[in-house]
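Student: Sequence plus predicted model, see below.
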Amino acid sequence: MEQLEQIRVQKLKQIRELGYDPYPNTYRYTHTIGQVVKDFAEKTAEQLEHGKQKVRVAGRILANRPFGKAGFMALSDGEDQVQVYAKKDQLPERDFQLYHLLDIGDFIGVEGTMFRTRTGELTIYSNEITFLAKCFLPLPEKWHGLTDVEIRYRRRYVDLVVNPEVRSVFIKRSVIIRELRSFLDERGYLEVETPMLHPIFGGALAKPFKTHHNALDMPLYLRIAPELYLKRLIVGGLNRVYDMNRIFRNEGISTRHNPEFTMLEFYQAYSNYTDLMDLTEKMLTEIAEKVCGSRVITYDDQPIDFGKWTRLTMKEAILKFSPEKITEETLKDRAAVERLLKQLHADVDSRMPLGTLIGLLFETVAEAHLVQPTFIYDYPIELSPLSKAKAGDPSLVERFELYIGGMEIANGYSELNDPVDQRERFLSQLQARERGDEEAHQMDEDYIRALSYAMPPTAGEGIGVDRLTMLLTNSTSIRDVILFPHLRPE
RNA sequence: GGGCCGUUAGCUCAAUUGGCAGAGCAACUGACUCUUAAUCAGUAGGUUGGAGGUUCGAUUCCUCCACGGCUCACCA
């Protein structure tokens, strides 16, 4: 409200009149608040009394309990908090006047000596207060805090000030990203940067954001996946590469979908999809242990054990979770599959090929049951225009997806490296596009040309970093793991 | 896009069948030199998301709109 703000503007004026610089350009502290808390944690009141150690710390005032000629403040540097005691006869008169002009949210620097209060709390007995910055807008009320999710996302800066668990989620996110990098770096992978602006969007089945380059007067698309560029690098002899960065998909927004999200894609020459399943098990188990301190985590009230991994073919998963008793023979019968799907109220299109129907059946009956880490492998070829066909069964490809907590976390496959087959797959995608499938893959002649120079056998995988972060921070909304999630304009 | 729920003071929430719009915290004034959700006394703070309708009277009932949450669909 205007009035609250005006009062604080007046206070800043008075602070200036006392002779303080309202916006000083630095403060030299001797300790972070964390160091203070740690260094003096073991000291008794008597030890502190005799030691009289001087400290200078800086931070934001989060609470103030004044009473007449003294008062206590809670000072936070974002990471840690410490109590500050301001007492009239121990401070210069000007500093004590300043104390009465301070508000919750202001930044100050404090010089003083450490002591313990009667209740034993470690506290800085201040002998100097330095004004650092004024907070004009009131912080949320201390007891309930900030809970309105919309304001939390719109004003993430306030959310971070008052909700320590939010800070901890984003610190974990940063650790996850660092650990993913170091896991791959240790194994000889090279991090590369590939274009964000694509003249032909590809590498995934999704709708893109379209933009325009003025000087060249040409349409460009924000990338939906870095895949095709990474494989061009494999052709060029960069045998292990990864790209961890943003991708953009022009689709619905939900608790599991943000229009821009972070994808780790990595490619490894002379390997197949089984190698990547092995690698992924190791990678995610290590990261869960590093981030959560245990192989067993809790997600959405369910225990998830990174010590127990399962691998099922898509068909096995369907048979296992189908409510109706069916056999593998049933899945070869298009009419039977269609009937099953209709019973389950799935959206069936009579033009869909059998493989697409099987994929749909899997999603309908099995996906939600996949809480423990489970690889689903051997996908119908129709769903996977970039994967290598399975030796001995041309209807399937060597592809897997990893499900944890009912969410799709990763997707990997043995890469199709036959340029002739790749051209045919693109052509059949074009047919799907003509049937109205906006997400079907485009033809990419240069990619086929790259494969025509020969790509060694290669396996590649994408890991949804936001989804993985949700899992490891027990967040059920993707917005809780993205600092500034997409919102409609205010 | 569909369904359900929601929007009241800076924040968290009340308001009976449709009958004077309230509390706690935050703020302001005063008291208080070891408090920690400090305490005590007092003051101020509102076009009840917006527009329209029904009614003597609407926070309350109806319609439309905006925004948000959850969920389903699409997707990762």
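Tutor: In hand now; what should we look at?

Student: longest helix in chain A, by residue count?
Tutor: Secondary structure assigned by DSSP state H gives helix A:164-186 as the longest helix of chain A.

Student: Name the next helix or strand downstream of that helix, please.
Tutor: strand A:190-191 (DSSP states H and E).

Student: Check which strands are paired with that following strand and give the direction for each one.
Tutor: strand A:240-248 (parallel) (DSSP bridges).

Student: Just confirm yes or no for the partner strand near RNA strand B.
Tutor: No. Figure legend: strand A:240-248 not in contact with RNA strand B (CB under 7 Å from any atom of the strand); closest approach 8.1 Å. For every residue, glycine as well, the C-beta is placed using N, CA and C.

Student: For whichever helix or strand comes after that strand, which outside residues touch it?
Tutor: The helix or strand immediately downstream of strand A:240-248 is strand A:260-269, counting by DSSP H and E. For strand A:260-269, the external contacting residues (CB atoms under 8 Å, 6 or more residues apart in numbering) are A:177, A:180, A:184, A:189, A:225-227, A:230-231, A:233-234, A:239-249, A:275-276, A:279, A:415, A:456-466, A:478, A:482, A:486.

Student: Out of those, which end up buried?
Tutor: Buried members of these, scored by 16 or more other CB atoms under 10 Å, are A:177, A:180, A:184, A:189, A:225-227, A:230-231, A:233-234, A:239-245, A:247-249, A:276, A:279, A:415, A:458-466, A:478, A:482.

Student: Give me the pLDDT value at A:Lys315.
Tutor: With respect to pLDDT, A:Lys315 scores 92.

Student: Just say helix, strand or coil for it.
Tutor: Three-state assignment for A:Lys315 (DSSP: H, G, I helix; E, B strand; the rest coil): helix.

Student: ok, it - contacts?
Tutor: Counting by CB under 8 Å, 6+ apart, A:Lys315 makes contact with A:Glu328, A:Leu331, A:Ile358, A:Asp378.

Student: Recalculate using a threshold of 6 Å.
Tutor: Applying CB atoms under 6 Å, 6 or more residues apart in numbering to A:Lys315 gives the contacts A:Leu331.

Student: Same check on A:Lys342?
Tutor: Contacts of A:Lys342 by CB under 6 Å, 6+ apart are A:Val348.

Student: Relative to RNA strand B, how far out is it?
Tutor: 13 Å (CB to the nearest atom of the strand, to the nearest Å).

Student: and the helix or strand harbouring that residue, how far out from the chain's middle?
Tutor: Taking DSSP H and E as the definition, A:Lys342 sits inside helix A:334-343. The chain centre lies 38 Å from the centre of helix A:334-343; the measure is CA atoms, centre = their mean, to the nearest Å.

Student: Need the mean per-residue confidence for that helix.
Tutor: For helix A:334-343, mean pLDDT rounds to 85.

Student: What of stretch A:59-76?
Tutor: 93.

Student: Pull the distance from that stretch to the chain's centre.
Tutor: Chain-centre distance of stretch A:59-76: 35 Å, with CA atoms, centre = their mean.

Student: So what touches that stretch?
Tutor: With contact meaning CB under 6 Å, 6+ apart, stretch A:59-76 is reached by A:33, A:77, A:81-88, A:104, A:106-107.

Student: Check the residues you listed and tell me the two furthest apart.
Tutor: Within those, A:Asp77 and A:Lys88 form the most distant pair, 25.8 Å apart (CB to CB).

Student: The two - which one has more neighbours?
Tutor: More neighbours surround A:Asp77 than the other of A:Asp77 and A:Lys88, with 18 against 14 (other CB atoms under 10 Å).

Student: how close does the more buried one sit to RNA strand B?
Tutor: Distance, A:Asp77 to RNA strand B, by CB to the nearest atom of the strand: 17 Å.

Student: residue contacts, that residue?
Tutor: A:Thr32, A:Ile33, A:Gly59.

Student: ok, what's across the strand from the residue lying closest to it once chain neighbours are set aside?
Tutor: Spatially, and ignoring its direct neighbours in sequence, A:Asp77 is nearest to A:Gly59 (4.1 Å; CB to CB, 6 or more residues apart in numbering). Counting by DSSP bridges, A:Gly59 is bridged to A:Ile108.

Student: any idea how far A:Gly59 is from RNA strand B?
Tutor: Between A:Gly59 and RNA strand B the computed distance is 15 Å (CB to the nearest atom of the strand).

Student: For the stretch 101-250 of chain A, which residues are neighbours of RNA strand B?
Tutor: Residues of the stretch 101-250 of chain A lying near RNA strand B by CB under 7 Å from any atom of the strand: A:103-104, A:115, A:117-121, A:123, A:138, A:140-151, A:153, A:204-206, A:249.

Student: Where does pLDDT dip in the stretch 1-150 of chain A?
Tutor: Across the stretch 1-150 of chain A, the ranges flagged by pLDDT under 70 are A:1-2.

Student: Show the buried residues in the contacts of stretch A:59-76.
Tutor: Using 16+ other CB under 10 Å as the burial test, the contacts of stretch A:59-76 include A:Ile33, A:Asp77, A:Gln81, A:Val82, A:Val84, A:Tyr85, A:Ala86, A:Lys87, A:Asp106, A:Phe107 as buried.

Student: Which ones among the residues you listed lie within helices?
Tutor: Using DSSP H, the subset of the buried ones among the contacts of stretch A:59-76 located in helices is A:Ile33.

Student: Same list (the buried ones among the contacts of stretch A:59-76) but as TSV, adding distance to A:Tyr270.
Tutor: Below are those laid out as TSV (distance: CB to CB, whole Å):
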residue	distance to A:Tyr270
A:Ile33	52
A:Asp77	50
A:Gln81	53
A:Val82	56
A:Val84	61
A:Tyr85	66
A:Ala86	68
A:Lys87	72
A:Asp106	60
A:Phe107	56
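
Student: Packing partners of the helix or strand just after the helix holding A:Lys342?
Tutor: Using DSSP H and E, the helix or strand that follows helix A:334-343 in sequence is helix A:354-365. If contacts are counted by 3 or more CB pairs under 6 Å, 6 or more residues apart in numbering; DSSP states H and E, helix A:354-365 sits against helix A:314-321, helix A:334-343, strand A:374-380.

Student: Repeat the analysis, applying 10 Å as the threshold.
Tutor: If you count contacts as 3 or more CB pairs under 10 Å, 6 or more residues apart in numbering; DSSP states H and E, helix A:354-365 packs onto helix A:314-321, helix A:334-343, strand A:374-380, strand A:393-404.

Student: and A:Asp300, which of those is closest to it?
Tutor: Of all the helices and strands packed on helix A:354-365, strand A:393-404 sits nearest to A:Asp300, with 11.2 Å by CB to CB.

Student: The host helix or strand of A:Leu284 vs strand A:260-269, what angle?
Tutor: Here A:Leu284, judged by DSSP H and E, is contained in helix A:273-292. Angle between the axes of helix A:273-292 and strand A:260-269 is 130 degrees (criterion: axes from the mean of the first three to the mean of the last three CA atoms, to 10 degrees).

Student: Next secondary structure after helix A:273-292?
Tutor: Using DSSP H and E, the next helix or strand after helix A:273-292 towards the C-terminus is strand A:296-299.

Student: So which of the buried ones among the contacts of stretch A:59-76 sit within strands?
Tutor: Those of the buried ones among the contacts of stretch A:59-76 mapping onto strands are A:Gln81, A:Val82, A:Val84, A:Tyr85, A:Ala86, A:Lys87, A:Phe107, per DSSP state E.

Student: from those, which single one is nearest RNA strand B?
Tutor: The shortest gap between RNA strand B and any of these belongs to A:Lys87, at 4.2 Å (CB to the nearest atom of the strand).

Student: Let me see the contact set for the closest one.
Tutor: Contacts for A:Lys87 (CB atoms under 10 Å, 6 or more residues apart in numbering) come out as A:Lys69, A:Ala70, A:Gly71, A:Phe72, A:Phe96, A:Tyr99, A:Gly112, A:Tyr125, A:Ser126, A:Asn127.
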